[in-house]
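> this one's structure only:
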C-alpha cells in the first residue's frame, strides 16, 4: 500500500513511518526539514510546508491513504498553528479526492467515568492545553464534514517512547485505564494500532482510542 505521512519526522510520526516501512508499505514522508530523515528503502522524503495548500493538494492528488501526524509543538502559537495547518490538510485532502484521512489525535477529549472530558479535569496539565484544545476542534471539524472518510486515533493519557509489544486494547470515546488506574501507551504500539486501522478499517468516520 502507498501511504502519505504528514509530519513523519516527529515523535509519533516517526514511529508510524517505521511501522509502515516494517510492514512493507511504500511511504511518502512529508516533512519541513527533509535533511533530518534518513534515506531508506520504500521511503520517499518530500520537503513541503503543509500550509501551502495548493502544493499539498498536488502531492495528495489521487492518494488512497493519508496519515496526518504533524504537531505545532515547536511553534509559539501552538493551537493557532495546528488549526491553520489542519485546515490546509483537510482542504487539500478533500480537493485531492483522498480515499481516507487518518489523524493522530489527542487524549484530552476522551471521556472520564463521570462523562466529563479529560480536558476539563482540574488535573489536566496546563502546558498541554493549547495542543489539546486544537485537537478537540479538529475532531469536531471531522465529525461535522462528510466530504472525506476519516479516522481519529486518541492515545492513552500518557504516551511515551517505547517499542511495539502488540499487547494493547482499543476503545472508542472513553479513556482506557489498566487495573492500577493508569492510562498509558508507547509510541510503538500507538503506531501499530494506526497501521492496523490503515490496513483493515474498523473505525470509519469515528474516533477510537488505544491503551494498555
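Structure received. Please read all numbers here as calculations on a predicted model, not as lab measurements.
> would you mind measuring from residue 24 to residue 209?
27 Å (CB to CB, to the nearest Å). All C-beta atoms are positioned from the backbone trio N, CA, C, and that covers glycine.
> any idea how far the one helix or strand residue 67 maps to is from the chain center?
Assessed by DSSP states H and E, residue 67 sits inside strand 65-68. Here strand 65-68 is found 8 Å from its chain centre; the criterion is CA atoms, centre = their mean, to the nearest Å.
> follow-up on the earlier one: looking at residue 24 and residue 209, which is more packed in?
More crowded of residue 24 and residue 209, by other CB atoms under 10 Å: residue 209, with 26 against 9.
> am I right that that one is in a strand?
Yes. Counting by DSSP: H, G, I helix; E, B strand; the rest coil, residue 209 is part of a strand.
> would you agree residue 164 is in contact with residue 189?
Yes. Residue 164 lies in contact with residue 189 (CB atoms under 8 Å); the separation is 5.4 Å.
> those two - which one has more neighbours?
residue 189 (25 against 19).
> which residues touch the helix or strand hosting the more buried one?
Secondary structure from DSSP H and E places residue 189 in helix 187-199. Contacts with helix 187-199, where a contact means CB atoms under 8 Å, 6 or more residues apart in numbering, come from 1, 3, 11-12, 15-16, 18-20, 23, 65, 67, 100, 102, 104, 151, 153, 155, 159-168, 170, 203, 208, 210, 212.
> with stretch 11-21 instead?
3, 5-9, 27, 29, 40-43, 67, 69-71, 104, 155, 159, 161, 164, 187-188, 190-192, 194-195, 198.
> again, 7 Å this time
Residues outside stretch 11-21 that contact it (CB atoms under 7 Å, 6 or more residues apart in numbering): 3, 5, 7-8, 27, 29, 40, 42-43, 67, 69, 104, 164, 187-188, 190-192, 194-195.
> with stretch 142-156 instead?
93-94, 98-107, 109-110, 139, 176, 183-185, 190, 193-194, 197, 203-211.
> can you say which of those are buried?
Neighbour-count burial (16 or more other CB atoms under 10 Å) applied to the contacts of stretch 142-156 gives 93, 98, 100-107, 109-110, 139, 176, 183-185, 190, 193-194, 197, 203, 206-211.
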